[in-house]
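Chemist: below: sequence and its predicted model.
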Amino acid sequence: MYEEKEPVKKVKKEKVKKENKFFQKKPLKEKKVKAVKEEKPKVEKNASTDEKKKGVKILSFRADYVSVLIRFGIFLVFAFIVIFIVTKVRNSGDANSFTENMENMKDVAYTYYKVETHRPVNVDEEIVLTLKDLEEASLIKELKDKEGNVCSKEYSYVSLVKTSLEDYDLIVYLSCGGESEMATYPVSFEASGDESVSTSTLLYEQKRTVEVKEQYSCPEGYYHAGRYCISTNNTVTVQATPKYKVTPERNTAARYKPSGYEYEYIDPIVIVNDSSYECPSGYTLNGTSCVKEGTVKYRTSTSYSCPNGGTPSGSRCLFTTNANYSDEKPYCKRGTLINNDSCYVTKEYRVRCVTGKKDSTINACYTTYSANEELSDWLFDGKVTYSEDYDISRLENDRRMYEVDEYLDNGKIRYSRYIRKYIKSCDDGDELRGSTCRHYDESYEQRYCSDSDYHLSSDESECFTYEDAHYKETNGTYSCPSGYRKRGSGSSTTCYKYESASKSTQKIPYCSSGYDLTSNGTCVRIVEATLVEENVQYTCPEGYTKRGSGENTRCYKKTSTDSYYYCSNSQATLNGTRCIISEKTTFLGYVCPSGYDLSGNQCIKTDNVERILATENEHTTSSEEVIWSKEKELEGWTWTGNTKEAE
C-alpha cells in the first residue's frame, strides 16, 4: 500500500471536465496602454515674423529646464525596469514557480499514461511514478523552485488511479524547499480504436509463507487487526486492490569506440655462440660465483665469576644469611620494592649503531636506499574536444590515451583523456622521505646502559639496578646485618647481598651487513656471476618489425581494430546504437476503499465496532499468503503455476 511521504499542506484543485480542458492555458489579458498626446511646440508672441514662419520654438529658460528633468526621470525609470528584468532572468536560470512545476509534471504524466500498457487495469488500482523515475527515464528535467531549491525526487510523484471502466484520477504531488502541494485531476483516455482486441490482462497466482513471531488470537465472532480483536457483526468484506510501481524503460545512446590500431610485442629470436662469466668490480670469480672479502670487526663479550663464593648474578655475586628480628618496615624512595629489602630501579637503554645511521628521535638505527620509481595506473586528466577528421592516435603514447566520450552536434568529438605519472615508493614497511627510503632494523643496533651502575636486562628491553630499601620502625619485623638486604617475610625472612664478580672480557668477531663470517675467521660476500653472451644475434619472426639493438631488441607488428558500440551500465542491453534497460513493475501492496480496514489481502468494513484486546501467544506460527499479480516473477513470492485473465 502506497504511503504519501512528507506532506506539508494540501491544496484542493477544482475538478476538470472529461474533455481534459484543464490542459488548456488561459490567454493573458491585454494590458491597457494610455496614449500619450504629443504637444505641439508653443511659439512666443514676441518672436519675429521669420521665426514664426519657420516654426522655431522659442521657450523660456524655466520651461526648457523642466522638460529636461522630466525626460531624464523617464529614462531612469525605464533603465531600472530593464536592469531588473535582465537580472531576474539571469538569476532564475531553470527555476520555475511552484505552479509551473506542477503543470510540467501534470503534462509529462498525462503523456506517459496515454500509452494503454502504462495505465492500471482494475478499478481502484494505482500506478505510481516518482520524480526520480521520470528523470531517469528522460521524461522530465530536474525541477527547481524560484529560490533555486531542487524539488524532492523521492517524495514528489505522479500516479494514475482507475475510478471506473473509462475514467481515471491523475494525482500530482510536489515537494520543493519545505513547501508541498497535491492536486487531483479527473481524466479519460480515448479507446485504442480496435474493439475486437481483447483488453484482458493475464494474472499470475503468487504465494509466500509468512512467519509471525508474536501471534495474536481472537475469540469466535471477531477478526484480528493489530493488537485488537474487532467484532464481525455487520461486516462487509471485499478483495483488496493490488498497487504497483512502474519504472519506465530507459533508452539511451550507446558509447562508441572508434576503430584504431594496437601493437603486438614479442621477444626476439636469440642465437648465442659462446658464453663466459664476469664479476662486478672488487669481486673475484670462483666458478659461477663472485667472492669479495670484507673487514672482520669485533665486539667485546664480558663474563663474570665469583672466586670468593656466592652465586653469580649478572655482574655480581649473591650472598645470603639468616635475618635478625627487629621492628622495622622497608620502603623505596624510587623504583619497586622486591623481597622486602631492595628496590628495583629502571631507566631507558641507549643505542649505538653497528650498521647504518642513528635516529635519535626514536633511539633506533636505519639504512637508506633510493626510492623506487614506477608508472602509476591510468588517471583521468579532463576532457578535450577535436574535430572528427583529427587523428587522435597521433597524441597517444604509453603515458597518454584518449577515449570517446560524446559526439557533439557541431561535428566535433569530446574525448576523456587519461595519463600515467611516475610515483616514488619504498619496500613494504620502509619509510619514504623525499626520494630516499629508510629501513629500520633492530639487528643494526647495539643496546647499552649509559650509567655504569645500571645493567641491561636479558631481553634488552630496559636498564636496571638494585638499591637498598629504606626502613621505618614498626612492630614485629625482621632486619639483616649491615650490607645485607631482606627477602621474604615473618619467620621466612632471609638476608642477601651482592658483591662485584670477577670480570673477564673477550673479543667476538663479526661482519658488516651482507657479509658472512667463514670458519677461518674472514668476512666474505658471495653473489652470482653475470653470464656474458658473446656473438649474440637478435632477429624477429616473419611479419614483425625489429626495434632497438642488443639486449634492448624488441619485435612488434601493428594491427587495426574495428569500431564498436558498448553500454557503460552493466544492467543495460545493447540494441544497435542504443542501450536499453527494460521497464520494471514492482508490487507495492494493497489499498482499500474509504471506510475499509486492510486485513491481509482483504478489505473489511464494520458498523457498530466492538474492539477488545487480542490474546498474545508465545509461539511463532507460519501462514501462507496468496495474491494475483501481473508479474510472473515477483521478489519474495513463488508462482503457483495458476493463471487467470482479468478484464
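Modeler: That came through, no problem.
Chemist: looking at this structure, which strand is longest?
Modeler: Ordering each strand of the chain by length in residues (DSSP state E) puts strand 201-212 first.
Chemist: how about it: buried residues?
Modeler: Using 16 or more other Cβ atoms under 10 Å as the test for burial, strand 201-212 gives 203-206. In this view, the C-beta of every residue, glycine as well, is placed from N, C-alpha and C.
Chemist: packing partners for the helix or strand that that strand is followed by?
Modeler: Sequence order places strand 216-217 as the next helix or strand after strand 201-212, per DSSP states H and E. Applying 3 or more Cβ pairs under 8 Å, 6 or more residues apart in numbering; DSSP states H and E, one finds that strand 216-217 contacts strand 615-616.
Chemist: for the strand it packs on, give the mean pLDDT please.
Modeler: Averaging pLDDT along strand 615-616 gives 76.
Chemist: each with direction, which strands does that strand pair with?
Modeler: Strand 615-616 pairs in its sheet with strand 216-217 (antiparallel), by DSSP bridges.
Chemist: contacts for the strand it pairs with next, please.
Modeler: By Cβ atoms under 8 Å, 6 or more residues apart in numbering, the list of residues contacting strand 216-217 from outside reads 224, 227, 229, 614-617.
Chemist: one step back: how about the buried residues of strand 201-212 in JSON lines, adding pLDDT?
Modeler: Shown next, in JSON lines, are the buried residues of strand 201-212 (pLDDT from 0 to 100):
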{"residue": "Leu203", "pLDDT": "79"}
{"residue": "Tyr204", "pLDDT": "81"}
{"residue": "Glu205", "pLDDT": "85"}
{"residue": "Gln206", "pLDDT": "84"}
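Chemist: what is the nearest of the residues you listed to Ser259?
Modeler: Nearest to Ser259 among the buried residues of strand 201-212: Tyr204, at 47.2 Å, using Cβ to Cβ.
Chemist: now the closest one: closest residue in space, sequence neighbours ignored.
Modeler: Among residues not flanking Tyr204 along the chain, Lys632 sits closest, at 5.0 Å (Cβ to Cβ, 6 or more residues apart in numbering).
Chemist: what score does the one you found have for pLDDT?
Modeler: For Lys632, the model assigns a pLDDT of 72.
Chemist: swap in Tyr448?
Modeler: At Tyr448, pLDDT is 89.
Chemist: do Asp516 as well
Modeler: With respect to pLDDT, Asp516 has a value of 91.
Chemist: does the nearest residue in space to it that is not next to it in sequence sit in a helix, a strand or a coil?
Modeler: In space, and not counting its chain neighbours, Asp516 is closest to Val524: 6.1 Å by Cβ to Cβ, 6+ apart. Under the three-state scheme (DSSP: H, G, I helix; E, B strand; the rest coil), Val524 adopts strand.
Chemist: identify, from the buried residues of strand 201-212, the entry nearest to Arg487.
Modeler: Among those, Gln206 lies closest to Arg487 (Cβ to Cβ), at 84.4 Å.
Chemist: residues in contact with that closest one?
Modeler: Gln206 touches 626-629, 634, 637-640, counting by Cβ under 8 Å, 6+ apart.
Chemist: look at Tyr112 and give its secondary structure.
Modeler: Applying three-state DSSP: Tyr112 is helix.
Chemist: leaving out chain neighbours, which residue sits closest to it?
Modeler: Tyr112's closest residue in space is His118 (Cβ to Cβ, 6+ apart), at 5.8 Å.
Chemist: ok, Phe189 next?
Modeler: In space, Phe189 is closest to Lys114, 6.2 Å off (Cβ to Cβ, 6+ apart).
Chemist: same question, Lys503
Modeler: Tyr304 (5.7 Å).
Chemist: quick one: mean pLDDT for the helix or strand hosting the one you found?
Modeler: Secondary structure from DSSP H and E places Tyr304 in strand 297-305. Strand 297-305 carries an average pLDDT of 82.
Chemist: direction included, what does it pair up with?
Modeler: By DSSP bridges, strand 297-305 pairs with strand 502-510 (antiparallel).
Chemist: which SSE is immediately downstream of the strand it pairs with?
Modeler: strand 516-517.
Chemist: so which elements touch that next one?
Modeler: strand 523-528.
Chemist: how far is the strand it packs on from where the chain is centred?
Modeler: 51 Å (Cα atoms, centre = their mean, to the nearest Å).
Chemist: tell me where the chain has helices.
Modeler: Along the chain, counting by DSSP state H, helices occupy 49-54, 61-92, 98-113, 131-136.
Chemist: ranking those helices by mean pLDDT, which is last?
Modeler: Going by mean pLDDT, the lowest-scoring of those is helix 49-54, which has a mean of 43.
Chemist: circling back: pull the CA atoms of the longest strand of the chain into PDB?
Modeler: Extracted in PDB, the C-alpha atoms of strand 201-212 (Å, rounded to 0.1, in the frame of the first residue of the first chain):
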ATOM      1  CA  THR A 201      -4.800  -9.000 -18.500                       C
ATOM      2  CA  LEU A 202      -3.100 -12.200 -17.600                       C
ATOM      3  CA  LEU A 203      -2.600 -12.500 -13.900                       C
ATOM      4  CA  TYR A 204      -0.300 -15.000 -12.100                       C
ATOM      5  CA  GLU A 205      -1.100 -16.600  -8.700                       C
ATOM      6  CA  GLN A 206       1.700 -15.900  -6.300                       C
ATOM      7  CA  LYS A 207       2.200 -17.400  -2.800                       C
ATOM      8  CA  ARG A 208       4.600 -16.900   0.100                       C
ATOM      9  CA  THR A 209       5.000 -18.200   3.700                       C
ATOM     10  CA  VAL A 210       4.700 -15.500   6.400                       C
ATOM     11  CA  GLU A 211       6.200 -16.200   9.800                       C
ATOM     12  CA  VAL A 212       4.700 -14.300  12.700                       C
END
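Chemist: what's the distance between that strand and the middle of its chain?
Modeler: The answer for strand 201-212 is 37 Å, by Cα atoms, centre = their mean.
Chemist: what strands line up against that strand, and which way round?
Modeler: Sheet pairing for strand 201-212, assigned by DSSP bridges, gives strand 621-629 (antiparallel), strand 638-646 (antiparallel).
Chemist: got the buried residues for the first one?
Modeler: Read that as strand 621-629. Buried, per 16+ other Cβ under 10 Å, within strand 621-629: 627-629.
Chemist: go on, stretch 322-341?
Modeler: 323, 328, 330, 332, 335, 339-341.
Chemist: for that stretch, measure first residue to last.
Modeler: One end of stretch 322-341 sits 13 Å from the other (Cα to Cα, to the nearest Å).
Chemist: so for it, what's the average pLDDT?
Modeler: On average, stretch 322-341 scores 80.
Chemist: residues contacting that stretch, please?
Modeler: Here stretch 322-341 has contacts from 343-346, 467-481, 484-489, 493-496, using Cβ under 8 Å, 6+ apart.
Chemist: surely Met102 meets Ala183?
Modeler: Yes. Counting by Cβ atoms under 8 Å, Met102 does reach Ala183; the two are 6.3 Å apart.
Chemist: okay then, goodbye and thanks.
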